[in-house]
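*Asks:* all I have is the shape, not the residue letters:
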């Protein structure tokens with residue numbers, strides 16, 4: 001399942017917004033990620049065309065099964081890495097920002113080892 005980091009960020013944002021608000025819209029994604037609405041529009045078109053999301057008549061976004069698989073994997077990494085960094089003494093805001101950078105690049109083996117340290 002090879003997908004670009006930016007696409008992972010968009011899918012993760014859709015999942016996070018769904019959990020926070022109960023729905024996800026392009027305008028909310030633009031705000032959450034600090035990107036322009038046209039950028040989100042282009043990304044959503046590509047994600048739809050590749051079968052990662054669907055959009056209903058009210059422009060609400062939904063993850064498909066394969067979109068959800070990616071989003072939930074990245075979101076889990078985000079949460080675990082943030083928690084781990086905070087446990088190491090990093091302030092929560094920095095931990096959250098650093099976790100966003102790390103979540104895409106660390107190996108499964110490293111992630112699993114970090115996850116084991118927290119349990």
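*Replies:* Arrived safely. Note that this is a predicted model, so its numbers are computed, not measured.

*Asks:* gap between the closest residue to residue 27 other than its chain neighbours and residue 13?
*Replies:* Residue nearest to residue 27 in three dimensions, not counting chain neighbours: residue 37, with 6.4 Å by Cβ to Cβ, 6 or more residues apart in numbering. In this view, the C-beta of every residue, glycine as well, is placed from N, C-alpha and C. Plainly put, residue 37 is 14 Å away from residue 13 if you go by Cβ to Cβ, to the nearest Å.

*Asks:* of the two, who's got more company?
*Replies:* Neighbours per residue (other Cβ atoms under 10 Å) separate residue 37 from residue 13, with residue 13 holding more: 24 against 12.

*Asks:* what helix or strand is that one located in?
*Replies:* Residue 13 belongs to helix 5-21 when elements are defined using DSSP states H and E.

*Asks:* tell me what that helix is packed against?
*Replies:* helix 26-33, helix 37-49, strand 61-63, helix 65-87 (3 or more Cβ pairs under 8 Å, 6 or more residues apart in numbering; DSSP states H and E).

*Asks:* the residue nearest to residue 27 and residue 28 touch, don't they?
*Replies:* No - judged on Cβ atoms under 8 Å, residue 37 makes no contact with residue 28 at a distance of 10.6 Å.
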